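[1] Show me how the following folds:
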Amino acid sequence: MAEAKRARAVGPLALPVNNIVGEMLGFAGRTDEAIEQHRKTLELDPNYAMAMENLADAYASKGLEKEAVEHY
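    As a prediction, this is how the structure comes out:
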């Protein structure tokens, strides 16, 4: 997580880096933060498929089925 955050500090607009930060937050059980990060990534590029899928996964893990389906 620390490395991903450092990478984001160096390249704040890098979509893959921002997406990985969201994934790491999700893996750590910090689902609300993961959702927030994936939303921020999608603000950079609303068509970035990996962030869209990971956002859907985060919603699903919270039991937010409607939101998950919308993003899948």
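[2] Report pLDDT for residue 16.
    Per-residue confidence (pLDDT) for residue 16: 90.
[3] Then residue 66?
    Looking at residue 66, its pLDDT is 95.
[4] Can we start the residue count at 755 from this point?
    All set: I'll call the first residue 755, so the last point we hit is now residue 820.
[5] Pull the number of nearby residues for it.
    Residue 820 is flanked by 7 other residues according to other CB atoms under 10 Å. For every residue, glycine as well, the C-beta is placed using N, CA and C.
[6] just residue 782 next, same as before
    11.
[7] do you know how far it is from residue 757?
    14 Å (CB to CB, to the nearest Å).
[8] now swap in residue 806 and tell me
    24 Å.
[9] Compare those two (neighbour count), which wins?
    When neighbours are counted by other CB under 10 Å, residue 806 comes out ahead of the other of residue 806 and residue 757, with 19 against 9.
[10] Now do the same for that one: helix, strand or coil?
    Here residue 806 is recorded as helix under DSSP: H, G, I helix; E, B strand; the rest coil.
[11] With residue 788 instead?
    Residue 788 - assigned by three-state DSSP - is helix.
[12] Can you give me every residue that contacts it?
    For residue 788, the contacting residues are 776, 777, 779, 780, 808, 812, by CB atoms under 8 Å, 6 or more residues apart in numbering.
[13] so the first one sits right up against residue 796, yeah?
    No - here residue 776 does not reach residue 796: they are 9.8 Å apart, not a contact under CB atoms under 8 Å.
[14] List the single closest residue to residue 766 in space, sequence neighbours excluded.
    Closest residue in space to residue 766, ignoring its immediate chain neighbours: residue 772 at 7.8 Å, by CB to CB, 6 or more residues apart in numbering.
[15] Mind giving me the packing neighbours of the helix or strand bottoming out on mean pLDDT in the chain?
    Here the helix or strand of the chain ranked lowest by mean pLDDT, DSSP states H and E is helix 756-764, holding a mean of 76. Contacts defined by 3 or more CB pairs under 8 Å, 6 or more residues apart in numbering; DSSP states H and E place helix 756-764 against helix 769-781.
[16] Before I go, just wanted to say thanks for your time.
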